[in-house]
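Engineer: Whatever this is, show me its structure:
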Amino acid sequence: MKTLEIFKDIQDTFSDLWKYKLRGQTLEIITPYATSNNSFVSVFFTIRGNEYIFSDGGWLSTGEYGFSLIDHLCFQKLFDHFQDSFSVLQTSAKDGTNYYYTKTTNVIDIPSRLFDITLFVQGVINSAAVEFSEGSGISRTLFNSRVNSFLKSNFNNKKMHFNAPLIAGREDLKFNVIYNHTPNIMILMNYITGSTDVNFTNSIWKTNGLFGMAEQSYQKDFIHEKVALIDDSALGFNPSKNATYIEYLQSNTHSEIVKWSERKRLLTLFN
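Structural biologist: Sure thing, here's the model as predicted:
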């Protein structure tokens, strides 16, 4: 059976609310299941030999839904629970992107496998939106979502890579944004935020370290600009306490400092 024929069966099984887009040999199935930030879950369907495969398309790993997979014990427990409950498998591409998928060789199981990966993605994204750390205010994941939405609405998405490693396989060298202005010119950007003074300061030091490691990598000659985006709406943002650390970040890494309240400056920096 061809992908479109199978999709018609899926619509008959569920409803006409399920839509699709053709992407080469892959079919993007746009489900009616929404995340907490009002994005509809997409599942990518392909046929390989006698296997019917449904995946997230790498979107969880790349932050396509506006949220990053956060490094927190509580979130990881939820993630593992969803992965086990829905029997979701995982594989990694050479560029470091993780893909989560379900598969079957039985046509009868297709709706079930599609439903499993859909609920898995929805559950993971909704969990990533939760503020697990102590304190209130805008969480890192919510700030990431706001920034990513702003960037996607103003720049070429094909040049913009979210939560991406500078070097394939280097999970310790990921940036919130890598913008490939041309094949030989890139802009690195990292977000600085935090709900407490300590979290905000740690975010500054993390960005300082990432920019420093980037300058020591073999990609350094292709880095045109390094941008630190400061969440000046965060509870942890305190100019009198943060100023020294931010000044050090700027002088030590020769990076451009942009406040979220001045985000229109990005329109110039990225063009």
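Engineer: quick one: buried residues of whichever helix or strand Phe82 is part of?
Structural biologist: Assigned by DSSP states H and E, Phe82 belongs to helix 73-85. Under the neighbour-count criterion of 16 or more other CB atoms under 10 Å, helix 73-85 has Phe75, Leu78, Phe79, Phe82, Gln83 buried. Any C-beta I mention is one placed from the backbone N, CA and C, and that applies to glycine too.
Engineer: List the contacts of that helix.
Structural biologist: Leu69, Val88, Gln90, Tyr100, Leu119, Phe120, Gly123, Val124, Ser127, Ala128, Val130, Phe132 (CB atoms under 8 Å, 6 or more residues apart in numbering).
Engineer: tell me what the following helix or strand past it is packed against?
Structural biologist: Downstream of helix 73-85, the first helix or strand assigned by DSSP H and E is strand 89-92. In terms of contacts (3 or more CB pairs under 8 Å, 6 or more residues apart in numbering; DSSP states H and E), strand 89-92 is packed against strand 98-104.
Engineer: pLDDT of whatever helix or strand comes next after the strand it packs on, averaged?
Structural biologist: As assigned by DSSP H and E, the chain's next helix or strand after strand 98-104 is helix 110-128. Averaged across helix 110-128, pLDDT comes to 90.
Engineer: tell me which residues of helix 110-128 are tucked away?
Structural biologist: Across helix 110-128, burial judged by 16+ other CB under 10 Å covers 110, 113-128.
Engineer: Please apply the same query to stretch 176-190.
Structural biologist: Neighbour count says stretch 176-190 has Asn176, Val177, Ile178, Tyr179, Asn180, Met186, Ile187, Leu188, Met189, Asn190 buried, by 16+ other CB under 10 Å.
Engineer: Can you give me the end-to-end span of stretch 54-64?
Structural biologist: 17 Å (CA to CA, to the nearest Å).
Engineer: Would you agree Asn176 is in contact with Ile192?
Structural biologist: No - the criterion here is CB atoms under 8 Å, and Asn176 misses it with Ile192 at 9.6 Å.
Engineer: joint contacts of those two?
Structural biologist: Common neighbours of Asn176 and Ile192 are listed as Leu229 (criterion: CB under 8 Å, 6+ apart).
Engineer: Now render the buried residues of stretch 176-190 as TSV, adding distance to Asn157, pLDDT and secondary structure.
Structural biologist: Formatted as TSV, the buried residues of stretch 176-190 follow (distance: CB to CB, whole Å; pLDDT from 0 to 100; DSSP: H, G, I helix; E, B strand; the rest coil):
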residue	distance to Asn157	pLDDT	secondary structure
Asn176	15	92	strand
Val177	11	92	strand
Ile178	13	93	strand
Tyr179	11	92	strand
Asn180	11	89	strand
Met186	16	93	strand
Ile187	15	94	strand
Leu188	17	95	strand
Met189	15	95	strand
Asn190	19	96	strand
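Engineer: Among the residues you listed, list the two that are farthest apart in space.
Structural biologist: Using CB to CB, these span at most 16.3 Å, a distance reached by Asn180 and Asn190.
Engineer: quick one, domains of this protein?
Structural biologist: What automatic domain parsing lists as the domains of the chain is 3-128, 140-269.
Engineer: Can you give the distance of the last one from its chain's centre?
Structural biologist: Here domain 140-269 shows a centroid-to-chain-centroid distance of 14 Å under the convention CA atoms, centre = their mean, to the nearest Å.
Engineer: now do the shortest one
Structural biologist: Computed by CA atoms, centre = their mean, the separation of domain 3-128 from the middle of its chain amounts to 15 Å.
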